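[1] coords please:
(4 chains)
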2 protein chains.
Amino acid sequence: MQDEVDELVEAWRRERADLDLTPVEVFSRIGRLARRLDLARRTAFADHGIESWEFDVLAALRRAGGDYELSPGRLIKETLVTSGTMTNRVDRLAARGFVERLPDPNDRRGVLVRLTPEGREAVDGAFEALLSAERELLSDLPPKDHKQLAALLRALMQRLA
Amino acid sequence: MQDEVDELVEAWRRERADLDLTPVEVFSRIGRLARRLDLARRTAFADHGIESWEFDVLAALRRAGGDYELSPGRLIKETLVTSGTMTNRVDRLAARGFVERLPDPNDRRGVLVRLTPEGREAVDGAFEALLSAERELLSDLPPKDHKQLAALLRALMQRLA
DNA sequence: CTCGAGATTCTTGACGTCGAGACAGATCGT
DNA sequence: ACGATCTGTCTCGACGTCAAGAATCTCGAG
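    Predicted coordinates for the structure are as follows:
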């Protein structure tokens, strides 16, 4: 069974038979899979009326637990965006009523972003939808392969720490 | 040995012990790896003075072989961007002298984008640098694991066709 | 031959992100 | 206390992408 990366590799081999294309087999697939997963994620979230970037922020707050509060700086670290982007995102999430901005009681420069009950409901629903969509994608592979795949990917991540 | 996704899963488990988080182990790693690979790619290309988006376009032309000509429409399909983006990219590549625009002899609506000798040199050098950087990342894993990883990723891609 | 549907490329405006800098407040040494 | 430096957040301009539409050309049906 051939996929689009097999064709890509074949095309390169026609032109550059001198090169070892093994890395392409792995890394090109990871890149393309990530792209498609983004799309799958987007449609899973769309049913729950939220967008991927919204989920990223809300999920970080949800995972924090307790009172579901994090500073913008912490959110920046969790979601890997810049400060300007986070200001914009928090603005829009606050406008939708999913988060609220509170003054940080311990640092007058600071702000805390808190998940509202509506935000919590939204993110919980979206996360369950995401998990079930993703489980569906894994359903062809035996559980043993899940573990192996996760282990191999973990090994690669170590290398790219 | 623990990675950042293990922490992510652990945080979710603290908050939502009721959910089966297996999919996160796989898909979250794919997403994060893709992000880091983009960075690695970028630095590998930077040594050769080209950017990732430039490589994407030049590589498509290079793989085409023959006289290294493709239509903008074909380039759009290969690189998964929209037409406005491709017009912009071809403009900038032409300004750098890596490609040139020719009228399509068989269709007066059409245009052909052709790789120049400078463009070919650039893309060949960049590709070799990319492969060697990527090989380095795989060097910890035994070749048998490369095959297995590629096979598992291929199986996932079938599912997302 | 002509007409209209479809194809191909480019143009345009809107949008989200980035990155540099502004600003206020905290922190630490003296 | 005081000043210098650091930290945390926000502001703003530039940039690349997207999506929709404009302009041009092709090709088959009648």
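
[2] and the helix ranked longest in chain A, does that touch DNA strand D?
    In chain A, assigned by DSSP state H, the helix with the most residues is helix A:22-46. No - Helix A:22-46 is not in contact with DNA strand D by CB under 7 Å from any atom of the strand; minimum separation 9.9 Å. (C-beta placed from N, C-alpha, C; glycine too.)

[3] before we move on, what about stretch A:53-61?
    No - applying CB under 7 Å from any atom of the strand, one finds stretch A:53-61 out of contact with DNA strand D, separated by at least 12.1 Å.

[4] Alpha carbons only: can I get that stretch in CSV?
    Listed next in CSV are the C-alpha coordinates belonging to stretch A:53-61 (Å, rounded to 0.1, in the frame of the first residue of the first chain):
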residue,chain,number,x,y,z
TRP,A,53,-6.4,28.5,19.0
GLU,A,54,-9.2,28.9,21.5
PHE,A,55,-8.9,25.3,22.6
ASP,A,56,-5.1,25.7,23.0
VAL,A,57,-5.6,28.6,25.5
LEU,A,58,-8.7,27.2,27.3
ALA,A,59,-7.0,23.7,27.6
ALA,A,60,-4.0,25.2,29.3
LEU,A,61,-6.2,26.9,31.8
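
[5] residues making contact with that stretch?
    A:41, A:45, A:50, A:68-70, A:74-75, A:78-79, A:86, A:89-90, A:92-93, A:96, A:98-99, A:113-115, A:119-120, A:122-123, A:126-127, A:130 (CB atoms under 8 Å, 6 or more residues apart in numbering or on different chains).

[6] which SS class is the residue nearest the centre of chain A?
    Taking CA atoms, centre = their mean as the criterion, A:Asp56 is the residue nearest the geometric centre of chain A, at 6.5 Å. When classified by DSSP: H, G, I helix; E, B strand; the rest coil, A:Asp56 comes out as helix.

[7] distance of it from B:Glu136?
    Distance of A:Asp56 to B:Glu136, computed by CB to CB, to the nearest Å: 30 Å.

[8] Tell me which helix or strand the closest residue to A:Val24 other than its chain neighbours sits in.
    Ranked by CB to CB, 6 or more residues apart in numbering or on different chains and with sequence neighbours excluded, the top spatial neighbour of A:Val24 is A:Val9, at 5.6 Å. Taking DSSP states H and E as the definition, A:Val9 sits inside helix A:4-15.

[9] Which strands or helices does that helix pack on?
    With contacts taken as 3 or more CB pairs under 8 Å, 6 or more residues apart in numbering or on different chains; DSSP states H and E, helix A:4-15 sits against helix A:22-46, helix B:52-64, helix B:143-159.

[10] hmm, the helix or strand just after the second one touching chain A?
    Okay, so that is helix B:52-64. Using DSSP H and E, the helix or strand that follows helix B:52-64 towards the C-terminus is strand B:69-70. No - under the criterion of CB under 8 Å from any CB of the partner chain, strand B:69-70 makes no contact with chain A; the nearest approach is 12.1 Å.

[11] Just after strand B:69-70, pick out the following helix or strand.
    helix B:72-79.

[12] wait, does the helix or strand following that next one make contact with chain A?
    Heading C-terminal from helix B:72-79, the first helix or strand you meet, by DSSP H and E, is helix B:83-95. No - Helix B:83-95 does not reach chain A (CB under 8 Å from any CB); its nearest approach is 15.0 Å.
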